[in-house]
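Enquirer: Provided below for reference: sequence and predicted model.
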Amino acid sequence: MSAHAAVAAPYENTGVPDGKLAIWLFLASEVMLFGTLFTSYIVLRTAAASWPVGWEVLNVPLATLNTFFLIASSVTIVMAHAKASARDKAGFYRFMGLTVLLSLAFLVVKGFEYGHKFHEGHFPSTSIFYAVYFTTTGLHGLHIIGGVAWNLGLMWWAGRDGWDDRLFLGRVEYAGLYWHFVDIVWIFLFPALYLL
Amino acid sequence: MSEHAHAEPSFTERYVFSVDHKVIGLQYLVTSFVFLLLGFSMVLLMRWQLAFPGQPLPLIGRLLSASAAPGGVIGPEFYNQLGAMHGTIMVFLGIVPLGVGAFGNYVLPLQIGAPDMAFPRMNMMSYWLYLPGGLLMLSSFLLPGGAAQSGWTSYPPLSVINPGQTVWLLAMVLLITSSLLGSINFIVTTLNLRAPGMTLWRMPVFVWSQFVTAFLLLLAFPPLEAAAVLQLMDRVFHTSFYMPEGLIVGGQLASQWSGGGQSLLWQHLFWFLAHPEVYVLILPPMGICAEIISNNTRKPIFGYKEIVYAMMFLGTMSFVVWAHHMFVSGMSTTLSNFFLVTTMIISVPSVALLTCLILSLKGGAIRFTTPMLFALAFLPMFGIGGLTGLPLGLTVTDIYLHDTYYVIGHFHYVVVTGSLIALFAGTYFWFPKWFGRRMDDTLGKIHFWGTLAAMNGIFLPMFAIGLQGQSRRLYDPTAHLHNLIGQPLHVVSTVSAFVLMLFQIPVIYNFFYSMFRGEPTDSNPWKATTLDWQCPSPPPHGNFAKLPRVYRGPYEYSHPDHRDDWLPQDAEKAVAS
Amino acid sequence: MNGNYGWFLPVQASDFAPAMDRGIHIIHWAMGVIFVLWSVFFAYLLVRYRARDGHKPDRSHLPLSVSLAPDIAVLAFEVLLVVVYAVPSWNRMKRIPPSAEGSLQVEVRGEQFNWSVRYPGADGKFGKTEPRFVDFTNPFGVDEADPAGADDVVTVNELRFPVNERVLVRLTSKDVIHSFFIPEFRVKQDAVPGLAMPVWFTPTLEGDFELACAQLCGVGHAIMRADVKVTDRAAFDQWLAAKKNATLAAAPKAAVEQW
């Protein structure tokens, strides 16, 4: 990847690999991004004339199922990393594949929820509540899609020359860090939108 | 993956999709200077209208479309488009990419003894998001609806109902992503790629300035990205994040929007970015000045650690002063007192930085080289910019001065006679490193004096115009009675702006002429101590033939035990003659 | 152009103007003194320490504490400004609104690109308004069924105030953000749709002044202005009565058109 990698040792450095540092910095910026959305949510809600009760208008059972999917996928991605560390390629494929399937299941359920809302005539423009709902879950969904692409890319790379690449294990770990972040965002979104 | 697997890199690999930080730096340099020229040309059209409202533009007027400038006279809509695009281009496509993308990219890895950035391909991606973002921004002039016309600050509801804004938002998302990738790269490079011995406290001030700036970009831009997404939703899907209930636009109830949002929310999110952005504009230029001043006084810089701490403090505080842009916005007037206090506090590190730079001159042997002239001019000019910030940061006086030409004068002193002057200094200073040739000194001095005089001619009258109570962003100031008296000052300002354009001809000619025909130099023409001058000019791929080892701080000039008056950071020990 | 405007600040026409100008003067004097002293020192350094034959740089520096002196001086000056000037004046001008009683109440509403003004009339009460009643003859959407609204006086781009009487403006906007700026009064406040901002001042000088929109509000921003006239109380009452008759005369016509 980088020209200096072969001679990384002699440099003055933090001891943290470049990629890991970068992913943490990226997540810091992501915290600012979603932090802004949450702040906007709070500001808009406190000033709103009326705000529906989340569980009366949104589908809590489906969202609970989705929460389960995401938490499970966080476990499977850790397993995938463990298998990769143990040089168990089949195990890596199994658990990374499971992670991708769970993420896709999340997206399918989310799609049903969206479709149902559209069918009922609720769009982002309907009210400030739906504006917040569609925008935050939509952005979160985009992050899920990004994660799926990344994880699929890792599986594809493992099948090519990636499995034996020096950077492979690190990249699986970074995928996991990112995935945990996406998971945590949902853990905040779920109560904020559905339960409060 | 390895470099050796490739044969000779093709032309495209070497100059277009290059992963070499030096080529990317120069790509940024040329691109941002072109954008600066474009943004400057736009303001010349506006300045003509301000000085001679309703008069047809000479020469260019006939070339503009009939809808933009009927009869060669700029229309109000086109004027507002020019205004919004001037601000956007100068800030996001000009000064920041020049200070960070160009100088940071080229100089930072050299100064810490790195062979390249930590993520060269990500570095390339930053540039290739920046350029399309910029082109998209420019192309909006040609699209139906035209360019954004709600000011570079894009306050809703105006920005939501005005045409042209969607493309602005999309382009901003590209630019934000570009600078996000860049900032991650800068931080990781600085932390992990320093040559052996280059401890944090041996890094040149310029590296520190880039390091702090990268954190500002990393943490301040995502809120704007989120805010831009919300505005995009308001425009495209008619959500009401920024739209309150019951808006009546053009006599019609704006029923596309359900209402329930708050227009002030945008202002908070925008300034949460845009105030740190001010320090993104000013810190790298300050770093450049520190390098040049130390080099041209031939003595260590004053208060190296004080400078670094001041920069960190400035960076941190810049996140809690944003609402001083909003004293009369309708925001809670109690909150204003809080932001008044933080604003007063943030002025202290700025004073400290300027004091350190001026005290660095004392006891030196000042060489008045062209880059030094620019760096010296930075000090009083930035001083004017800083001082005039005081009545704007003070709640009471800001009631009157807010959104007047006084504000325009203030931040142009900071960003133009401050940042831009320092970036010129950096261009003259590092040019020999980039091309192994020197820029012409006489042309440089003509450029310097002409530019300095013209810039003051443009911006000094604005303080008077502002104190007279004239608001910014007026298509025709003479429509208001109280503005009439300031009209001659507008003429002075406009004439100076055209003079400034003329005085840029020497530097453009100088740049391209010297690139090929300039006087060849050795690798260290300024007799400097930092690592960027201890490698060949221009540096080869990988920069250093042998990994340098660093033995001391960055500014060991006139060391008593050394035969030369500069002791490079990588010289093992001082050698008596 | 008239005598109200000069090369520096405009004429002082409200009770806030003297305090505002005092602050602006103090700060500019301080800025001037700082800048001149600083420049003299700067010029001295440039001449004294210029590179020349036989001049050797001196590597030593002044102690760090010297560099802190300007920081402390600036901070002290600012603390003084904040405590003695900014916070008290801010409270008076912006933070603590005067009571509605004893104030002349006016409602001002910005729209692209006009200022609509409503005086409550003799009863001192504004009539109820609703967005659905808004049209070109009724910019505020006054509910005609409400008796309090019957004597409301509505003008467009025309403001009158009696001299030396406190005015309390209820500032709103119909569409986008505008800004209510009367330079001679040193008063400025953004008009934000969805919010009603209080603005208050006491005109202290009779004469003709100008209300200008100070926040970019669209293509017609530059022409968005209103005449402000300050007169004595008698002339003001006379004008208000004349306006009311004009409004009443217009009202039946508008009603007929609606039919």
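Expert: Cool, the structure landed. Keep in mind it's a predicted model, so treat the numbers as computed, not measured.

Enquirer: Which residue ranges of the stretch 1-150 of chain C form strands?
Expert: Taking DSSP state E, counting those that start in this stretch, the strands of the stretch 1-150 of chain C run over residues C:104-111, C:114-119.

Enquirer: what about the residue of chain C found nearest chain B, neighbour count?
Expert: Nearest residue of chain C to chain B: residue C:194, at 2.5 Å (Cβ to the nearest Cβ). Using the backbone N, CA and C atoms, a C-beta is placed for each residue, glycine as well. For residue C:194, the neighbour count with other Cβ atoms under 10 Å in any protein chain shown is 21.

Enquirer: Just want to check the distance between the closest residue to it other than its chain neighbours and residue A:41.
Expert: With sequence-adjacent residues excluded and distances taken as Cβ to Cβ, 6 or more residues apart in numbering or on different chains, residue C:194 is closest to residue B:244, at 2.5 Å. Per Cβ to Cβ, to the nearest Å, residue B:244 is found 17 Å from residue A:41.

Enquirer: what does residue A:103 give?
Expert: To residue A:41, residue A:103 is 24 Å away according to Cβ to Cβ.

Enquirer: Please apply the same query to residue C:209.
Expert: In this view, residue C:209 and residue A:41 are 44 Å apart by Cβ to Cβ.

Enquirer: on that earlier part again, for the residue of chain C closest to chain B, give me its contacts.
Expert: B:244-246, B:259, B:262-263 (Cβ atoms under 8 Å, 6 or more residues apart in numbering or on different chains).

Enquirer: just the helices in chain A please.
Expert: With DSSP state H as the criterion, chain A has helices at A:18-47, A:54-57, A:60-85, A:89-119, A:128-159, A:168-190.

Enquirer: Could you pull up the residues touching residue 148?
Expert: Just going to use chain A. By Cβ under 8 Å, 6+ apart, residue A:148 lies in contact with A:100, A:103-104, A:107.

Enquirer: think we crossed wires, I meant chain C
Expert: C:120, C:123, C:125-128.

Enquirer: which non-adjacent residue is nearest residue B:406?
Expert: Closest to residue B:406 by Cβ to Cβ, 6+ apart is residue B:466, at 2.7 Å.

Enquirer: a helix runs through that neighbour, doesn't it?
Expert: Yes. If the criterion is DSSP: H, G, I helix; E, B strand; the rest coil, then residue B:466 is within a helix.

Enquirer: May I ask you to confirm that it is in contact with residue B:402?
Expert: No. Using Cβ atoms under 8 Å, residue B:466 is not in contact with residue B:402; the gap is 9.9 Å.

Enquirer: For burial, what's the neighbour tally of residue A:118?
Expert: 11.

Enquirer: Then the one 10 residues further on?
Expert: Taking other Cβ under 10 Å as the neighbour definition, residue A:128 ends up with a count of 28.

Enquirer: ditto for residue B:139
Expert: Neighbour count for residue B:139, taken as other Cβ under 10 Å: 13.

Enquirer: ok, residue B:355 to chain C distance?
Expert: 5 Å (Cβ to the nearest Cβ, to the nearest Å).

Enquirer: Show me which of the contacts of residue C:148 are buried.
Expert: C:120, C:126-127 (16 or more other Cβ atoms under 10 Å in any protein chain shown).

Enquirer: Turn those into JSON lines, including pLDDT and distance to chain B.
Expert: What follows is those, written out as JSON lines (pLDDT from 0 to 100; distance: Cβ to the nearest Cβ, whole Å):
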{"residue": "C:120", "pLDDT": "88", "distance to chain B": "21"}
{"residue": "C:126", "pLDDT": "84", "distance to chain B": "17"}
{"residue": "C:127", "pLDDT": "81", "distance to chain B": "17"}
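
Enquirer: Turn those into a markdown table, columns for distance to residue A:158.
Expert: Output for these, formatted as a markdown table (distance: Cβ to Cβ, whole Å):
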| residue | distance to residue A:158 |
| --- | --- |
| C:120 | 77 |
| C:126 | 73 |
| C:127 | 74 |
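
Enquirer: Not including adjacent chain positions, what is the nearest residue to residue A:49?
Expert: residue B:260 (7.0 Å).

Enquirer: so the one you found touches residue B:245, yeah?
Expert: Yes. Look at residue B:260 against residue B:245 with Cβ under 8 Å: they come within range, at 6.1 Å.

Enquirer: intersection of neighbour lists for those two?
Expert: Residues touching both residue B:260 and residue B:245 (Cβ under 8 Å, 6+ apart) are residue A:49.

Enquirer: weakest of the helices of chain A by average pLDDT?
Expert: Sorting the helices of chain A by mean pLDDT places helix A:54-57 lowest, at a mean of 88.

Enquirer: touching chain C at all, stretch B:281-294?
Expert: No. Judged by Cβ under 8 Å from any Cβ of the partner chain, stretch B:281-294 stays clear of chain C, getting no closer than 10.8 Å.

Enquirer: just how off-centre is that stretch within its chain?
Expert: Distance, stretch centre to chain centre, for stretch B:281-294: 12 Å (Cα atoms, centre = their mean, to the nearest Å).

Enquirer: likewise stretch B:112-121?
Expert: In terms of Cα atoms, centre = their mean, the gap separating the centre of stretch B:112-121 from the centre of its chain is 23 Å.

Enquirer: What are the buried residues along that stretch?
Expert: Buried residues in stretch B:112-121, counted by 16+ other Cβ under 10 Å: B:112-120.

Enquirer: Dump those into CSV; add secondary structure, pLDDT and distance to residue A:64 as well.
Expert: Below are those laid out as CSV (DSSP: H, G, I helix; E, B strand; the rest coil; pLDDT from 0 to 100; distance: Cβ to Cβ, whole Å):
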residue, secondary structure, pLDDT, distance to residue A:64
B:112, helix, 96, 51
B:113, coil, 94, 54
B:114, coil, 94, 50
B:115, coil, 93, 52
B:116, coil, 94, 49
B:117, coil, 95, 45
B:118, coil, 95, 42
B:119, coil, 95, 40
B:120, helix, 95, 45
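
Enquirer: Mind picking the two most distant members of these?
Expert: B:113 and B:119 (17.7 Å; Cβ to Cβ).

Enquirer: Flag every residue of the stretch 101-250 of chain C that's near chain B.
Expert: So the stretch 101-250 of chain C meets chain B at C:111-112, C:131-132, C:134-136, C:174-177, C:179, C:181, C:183-184, C:186-195, C:197, C:210, C:212-223, C:225 (Cβ under 8 Å from any Cβ).

Enquirer: What is the neighbour count of the nearest residue to residue C:78 once chain neighbours are set aside?
Expert: Take residue C:78 and drop its neighbours on the chain: the residue closest to it by Cβ to Cβ, 6+ apart is residue B:344, 4.3 Å away. Residues lying near residue B:344 (other Cβ under 10 Å) number 22.

Enquirer: Would you confirm that residue B:344 contacts residue C:76?
Expert: No. Between residue B:344 and residue C:76 there is no contact under Cβ under 8 Å: 10.8 Å.

Enquirer: Return the member of the buried ones among the contacts of residue C:148 nearest to residue B:556.
Expert: The closest of the buried ones among the contacts of residue C:148, once distances to residue B:556 are taken by Cβ to Cβ, is residue C:126, at 74.7 Å.

Enquirer: so that closest one touches residue C:117, yeah?
Expert: No. Residue C:126 lies out of contact with residue C:117 (Cβ under 8 Å); the separation is 11.9 Å.

Enquirer: Need the overlap of contacts for the two.
Expert: Residues within reach of residue C:126 and of residue C:117 at once, by Cβ under 8 Å, 6+ apart, are residue C:107.

Enquirer: before we move on, the earlier item: right, and the strands of the stretch 1-150 of chain C - which one's nearest chain A?
Expert: Set against chain A and scored by Cβ to the nearest Cβ, these come closest in strand C:104-111, at 20.9 Å.

Enquirer: Distance from that closest one to the middle of the chain?
Expert: In this view, strand C:104-111 has its centroid 13 Å away from the chain centroid, taken as Cα atoms, centre = their mean.

Enquirer: picking up where we left off before, out of the buried residues of stretch B:112-121, who's near chain A?
Expert: Near chain A, by the rule Cβ under 8 Å from any Cβ, you find B:114-116, B:118-120 out of these.
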